[in-house]
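In: Here is the input, now give the coordinates:
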Amino acid sequence: MSIPINSNLKEADHPPSPKVTLLERLELNQGLMNLDTQSKLVVVIVGLPARGKSYIVKKLKRYLSWLGLNVKVFNVGDRRRRLSVDFVGATNDSTTIEEKLSNQELEMYNHNRHSSSFFDPNNAEAFKKREEIAMQALDEVIAWVREKGLVAIHDATNSTIRRRQNIIDRLEKEKDVKLLFIESICNDDKILDANIKMKTLSPDYVGIDPAVAEADFRKRLKNYELSYETIDGYEEKRQVQYCKIIDVGSKIITYNINGFLEGQCVFYLMNMNLQPRVIYITRHGESNDNIVGKIGGDASLSPQGIKYGKDLTKFIQEHHSNFQKNIDSNGLNTNIFPEGTMNGNQSYKPKETQKNLEIWTSMLKRTLQTVQFFDHSKVKLKKFNALNELYSGLCEGMTYSEIPKQYPREFSDRSSDKLFTRYPGIHGESYVDVIHRLQHIIVELERMHNSVLIVTHRAVTRTLISYFMDISIEEMPFLNIPIGHVYACELKPHGNELSVYKWNEDDGTFSKTNNDTLYKN
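Out: Coordinates of the predicted model:
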């Protein structure tokens, strides 16, 4: 994505020089968490198909990337599909796909995917090919972490002790590279059925009838189950770190976790859940300082800001009520999306819509005044220092035209590097500092089951949206976040969806607008 650039410090400053990588910049600034980047981590995913491995991988990569860590996923399935031209399992078992496809469909399939016979443990040729592909992907992992990577994720089933033994042996030869196995286990049939239906939409089954695809995938699953060996005594004997995630976090088992990066991964994954919910993010209504162009401070709302608060209250109540009704009517609050993950409680009890919503604000008056029209006897309000605006130090209370006159060097530095450069003065912040203080907010949002309305400030809104929508932190400081917009991020198992709503001051309504407004000044 290209980000508009201009000379105005207010909205879009010049991006960092491409001569210095983000990882190098994080090292120079001691990173977000003062970690030792000489120690690399290889995360190896383990588990049968349809157990949520892709969900875990995507979320983990998004979180670590948002923290500023250099992360890359190496997907063995994608590599298999790329290398599968003219290779079909060498067995006499022409079942499911081969029997039911037309010649044209079968030709397309054979040139792009593998049918269930390719995953038969008795298919010696296919087994050899699968192991070769997995080890080739591991070689790519090692080459990448040797060169510049910090966290590599080897995304495959890795479902046998033999495969994992080869991985352990190979990585033990590497200096300053640690290994963490993450195994996803799912015993809930309804969750499995939902995941299997989603698998029929994967690249392996493009252009294939869903019923045929599902039958083939279920046979593939049975083939994997024949040889599947869970992580257990062998890995413990080798003193390998591992984390088992059972039924989407209902139960977590960890062993020998002793590294900082490993701890970050495990702590984050312990707080995930699949409950459908919306994270609404908006800036406060217009303040008196906004009118005169002053930054920072703790100003009260203007009359227009008060009106925004009233209209926002009505919009959120209506939008969330409709969202909750849709969830309930489609049965998404039942077993497929457990109401409790951390305590194992998988029963769903319908609640009043307002009780399914929380409001979070900063500690500043303009956010608290924006939410004053909600009935706080029905909806919980929480205030966080972490949601305060990026602190502009000595520039607090100044206008953007005043800053270059009083602090020309600092203005120039921030114009060159908005992500890392702090405002002058004690406790002046950069965007990296905002990421750091929002870390526990993100983990809490992942843990909870309710929807949340977050009323905050421009820099914080940019930072939160960059996390939920997987926008790079290099792009984050340049997102266009005007007053009078609500960013509704719906958290879903297979990827978050963002809807942007613009306030119409004249009639007090909100209308859906194009997400591209994030990249326009």
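In: Please count neighbours and contacts with C-alpha atoms only from this point.
Out: Fine.
In: Keeping just the C-alphas, turn the helix or strand where K219 lies into PDB.
Out: For K219, the host element (DSSP states H and E) is helix 210-227. Extracted in PDB, the C-alpha atoms of helix 210-227 (Å, rounded to 0.1, in the frame of the first residue of the first chain):
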ATOM      1  CA  PRO A 210     -17.900 -28.800  -2.000                       C
ATOM      2  CA  ALA A 211     -19.400 -32.200  -1.300                       C
ATOM      3  CA  VAL A 212     -16.600 -33.900  -3.200                       C
ATOM      4  CA  ALA A 213     -14.100 -31.700  -1.500                       C
ATOM      5  CA  GLU A 214     -15.400 -32.500   2.000                       C
ATOM      6  CA  ALA A 215     -15.400 -36.200   1.300                       C
ATOM      7  CA  ASP A 216     -11.800 -36.100   0.100                       C
ATOM      8  CA  PHE A 217     -10.700 -34.000   3.000                       C
ATOM      9  CA  ARG A 218     -12.300 -36.300   5.600                       C
ATOM     10  CA  LYS A 219     -10.400 -39.200   4.000                       C
ATOM     11  CA  ARG A 220      -7.200 -37.200   4.100                       C
ATOM     12  CA  LEU A 221      -7.900 -36.600   7.800                       C
ATOM     13  CA  LYS A 222      -8.300 -40.300   8.500                       C
ATOM     14  CA  ASN A 223      -5.000 -41.000   6.800                       C
ATOM     15  CA  TYR A 224      -3.300 -38.500   9.000                       C
ATOM     16  CA  GLU A 225      -5.000 -39.900  12.100                       C
ATOM     17  CA  LEU A 226      -3.500 -43.400  11.300                       C
ATOM     18  CA  SER A 227       0.000 -42.100  11.900                       C
END
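In: Quick check: mean pLDDT of that helix?
Out: Within the predicted structure, the mean pLDDT of helix 210-227 is 86.
In: So which elements touch that helix?
Out: helix 97-100, helix 189-199 (3 or more Cα pairs under 8 Å, 6 or more residues apart in numbering; DSSP states H and E).
In: and the ones you listed, which one's lowest on average pLDDT?
Out: Summarising mean pLDDT across the helices and strands packed on helix 210-227, the least confident stretch is helix 97-100, with a mean of 46.
In: before we move on, the earlier item: buried set for whichever helix or strand comes after the helix holding K219?
Out: Tracing the chain C-terminally past helix 210-227 and defining elements by DSSP H and E, one meets helix 233-237 next. Residues of helix 233-237 classed as buried: E235 (neighbour count, 16 or more other Cα atoms under 10 Å).
In: How about stretch 384-392?
Out: 386-392.
In: try stretch 314-332
Out: Taking 16+ other Cα under 10 Å as the basis for neighbour counts, the residues of stretch 314-332 that come out buried are 315-316, 320-321, 323-324, 327, 332.
In: Please, where are all the strands along the chain?
Out: 40-46, 71-75, 151-155, 177-185, 241-246, 251-255, 277-283, 357-361, 380-383, 451-456, 485-491, 497-504, 509-513 (DSSP state E).
In: I figured R51 was touching K190, is that so?
Out: No. Contact criterion Cα atoms under 8 Å: R51 and K190 do not qualify, at 11.7 Å.
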